[in-house]
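Asks: Structure for this input, please:
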Amino acid sequence: ALTYWEEEAPSRLDLGKDKYGGPFTEEEVEDVKTVFRLLLLFHLLVIKVCCYKYIPGILKLITFGQMFTILTLTTSLEFTIAQSPVNMRGVMVGMWFASLGCGYLFNINIKYLFHCHNEYLCTAPYYYLTKSAVVFAILILFVILAKNYKYRVRENEVNVHLIVDDHYQRYIEQEEEHNVEFSH
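Replies: Here you go, the predicted model:
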């Protein structure tokens, strides 16, 4: 057991001080303690008092969830298109839609395994536990694949500014030709 020459054992943060064998100076540890105290004070006095009216209701939470879903779907489709070879983009989009459909199909069919009577809310005890375990397994698979993924960088970079400049230059030239034709 650890023994200290003080009356009380030091707190977990104090164990980081160099006088207790930790790697940090006493000033650094005290600064961290002060920040934690200020965060608590900020939460109690500012956020709870001033921002209570801004805490979203259930309808706003549903809206945020739907917006997050739309953003997630569009960015995942964009990533799929950007990282697939040019000749395989149609196949990759089809596989993206198929994986989306398989997820929905799994979500529907798992309710039959647990004999859920309600379409939207299942009261079976292990239904949500099973769904959470499947999502956790998919998350682990995703992390493994993301670690081994080699991000593709396209060699033919598109200069957007040059394209926009060319477009507007042609537009201005067409306008000038159009104005010259009608002025004669």
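Asks: What is the subsequent helix or strand relative to the helix-or-strand element of the chain with minimal mean pLDDT?
Replies: One helix or strand of the chain scores below all others by mean pLDDT, DSSP states H and E: helix 48-50, with a mean of 79. Scanning forward in sequence from helix 48-50 by DSSP states H and E, the next helix or strand is helix 58-83.
Asks: which secondary structure elements does that next one contact?
Replies: For helix 58-83, the packing partners by 3 or more CB pairs under 8 Å, 6 or more residues apart in numbering; DSSP states H and E come out as helix 89-113. Where C-beta positions appear, they are placed from N, C-alpha and C, glycine not excepted.
Asks: outside of the helix it packs on, which residues touch it?
Replies: Here helix 89-113 makes contact (CB atoms under 8 Å, 6 or more residues apart in numbering) with L73, S76, L77, T80, I81, S84, C122, Y127, T130, K131, V134.
Asks: Kindly recompute the last result at 10 Å.
Replies: The set of residues external to helix 89-113 that reach it, using CB atoms under 10 Å, 6 or more residues apart in numbering, is 73, 76-77, 79-85, 88, 116-120, 122, 124, 126-127, 130-131, 134, 138.
Asks: so it versus helix 58-83, what angle?
Replies: If you take axes from the mean of the first three to the mean of the last three CA atoms, to 10 degrees, helix 89-113 sits at 140 degrees to helix 58-83.
Asks: check contacts around K48.
Replies: By CB under 10 Å, 6+ apart, the contact set of K48 is F42, I55.
Asks: try 6 Å
Replies: By CB atoms under 6 Å, 6 or more residues apart in numbering, the contact list for K48 is empty.
Asks: any idea how far it lies from L61?
Replies: 19 Å (CB to CB, to the nearest Å).
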